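Colleague: Could you look at this predicted model? Sequence included:
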Amino acid sequence: MIPLCAADGSTAYNFLNITSSSRIYGLGGVNISIVDDDINSIDQNPGLLGPEVGKQLGLNYMHYVGDANFAGVRYGMAAGEHGAWAAGIQYFGYGDMKAADVTGNITGTFSAKDMAFSATYSHDITGSLRGGITVKGIYSAYESYSAFALATDLGINYYDPDRGVSLSAVVANLGGQIKRFNERYDRMPVDVRLGLSKQLADVPLRLSVTAWNLTKWHLPYYDAGDGSATSEMEEKDSFGSNLFRHLVFGVEWLPSDRLYIGVGYNYKTRTDMGTYSRSFFSGFSACAGINVSRFSVGIALDQPHTGATTFMLNLSTRLWEF
């Protein structure tokens, strides 16, 4: 799970970091190097899109924390033998919220939502190297206020199927606001990411590690101790905590082309939720998927906090098979 607010509060639009892929979500929430023909996973890296997606339609739904619900649709198809394109819409709804006047009197309710419209194109640079670009238009509406922004993702992937090695690099969320909520300018969550996936030769396992938030080294967090009234918040900013808050780990069991089961660990999520009521499972996530006939179904579960269990569902179909 990726918390919606940045740990240091320095950027907005952090919902852009929430994947639409149940597989990626179950592998820790960030993964830019999984090579698959799933149209839902290209939001992590436009360099993963390729002609193999065919005429594929993907749908996703997530029940997030509280009353938040997210959903989206994406379609992709080949553009010649060495290229592909895709288009998608993602909706982030946060439910109804209480409205109040300047004195604190409740005046009613209002809704808040974000929407991201994306267009992606990729092309094979060599037989093993592929690059891609995604352009996103982002519309936000909170009560009577609205804003619009543009962002771009640039991604590249190197894949060696003989060794089962995939290497990727992504620059995410380059851009800025076109229309502001007010006079304040909100910064985009620009990020640099590196990823490695390796499929083991003798067992049906694939291991992944992704480094993200690479635009800065220090990612301090506060530990609430035992959570009692007398305990003091302690800032953690050691070399080890900073290192692991930049890394996301995932492992998949791949017994066949029709089935996968995966688990992920995101240390940043665990430490961001570092309160007394943090769940034992905070930072861990799980996913599973199956291909049946012309359809693929994927699910993911995560419990970052004892009061919050999130669920994601993916459905995709290859229209060219009908």
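Modeller: On my side now, so go ahead.
Colleague: so what's Leu174 up against?
Modeller: Contact analysis of Leu174 by C-beta atoms under 8 Å, 6 or more residues apart in numbering lists Ala151, Thr152, Asp153, Leu154, Met188, Val190. C-beta coordinates here come from the backbone N, C-alpha and C atoms, glycine included.
Colleague: Please apply the same query to Phe117.
Modeller: Phe117 is in contact with Gly88, Ile89, Lys136, Gly137, Ile138, Tyr139, counting by C-beta under 8 Å, 6+ apart.
Colleague: Also Val65?
Modeller: His305, Ala308, Thr310.
Colleague: Surely it is within a helix?
Modeller: No. Secondary structure of Val65 (DSSP: H, G, I helix; E, B strand; the rest coil): coil, not part of a helix.
Colleague: how far away is it from Gly127?
Modeller: Distance of Val65 to Gly127, given as C-beta to C-beta, to the nearest Å: 44 Å.
Colleague: What's the PyMOL line that selects buried ones from the contacts of Phe117?
Modeller: Command for PyMOL that selects the buried part of those, burial taken from 16 or more other C-beta atoms under 10 Å:
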select buried, resi 88+136+137+138
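Colleague: Could you tell me which of the contacts of Phe117 are located in helices?
Modeller: For the contacts of Phe117, not one is inside helices, with DSSP state H as the criterion.
Colleague: between the contacts of Phe117, which is nearest Ser22?
Modeller: Of all the contacts of Phe117, Gly88 has the smallest distance to Ser22: 15.2 Å, by C-beta to C-beta.
Colleague: close enough to count as contact, that closest one and Arg74?
Modeller: Yes. If you go by C-beta atoms under 8 Å, Gly88 and Arg74 touch, sitting 3.4 Å apart.
Colleague: and for the two, which residues touch both?
Modeller: With C-beta under 8 Å, 6+ apart as the test, Gly88 and Arg74 both reach Ser20, Asp43, Gly58, Ser118.
Colleague: Among these, list the two that are farthest apart in space.
Modeller: Farthest pair in these, by C-beta to C-beta: Gly58 and Ser118, 12.2 Å.
Colleague: So which of these two has more stuff around it?
Modeller: Just comparing Gly58 and Ser118: by other C-beta atoms under 10 Å the higher neighbour count belongs to Gly58, 26 against 23.
Colleague: can you pull up the bridge partners for that one?
Modeller: Under DSSP bridges, the beta-bridge partners of Gly58 are Arg74, Ser316.
Colleague: Rebuild the contacts of Val65 as a markdown table, extending it with distance to Ser293, pLDDT and secondary structure.
Modeller: Output for these, formatted as a markdown table (distance: C-beta to C-beta, whole Å; pLDDT from 0 to 100; DSSP: H, G, I helix; E, B strand; the rest coil):
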| residue | distance to Ser293 | pLDDT | secondary structure |
| --- | --- | --- | --- |
| His305 | 38 | 70 | strand |
| Ala308 | 35 | 75 | strand |
| Thr310 | 29 | 89 | strand |
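Colleague: hmm, which of the residues you listed are the buried ones?
Modeller: Buried members of the contacts of Val65, scored by 16+ other C-beta under 10 Å, are His305, Ala308, Thr310.
Colleague: Correct me if wrong: the last one contacts Met62.
Modeller: Yes. With contacts defined as C-beta under 8 Å, Thr310 counts as touching Met62 at a distance of 6.6 Å.
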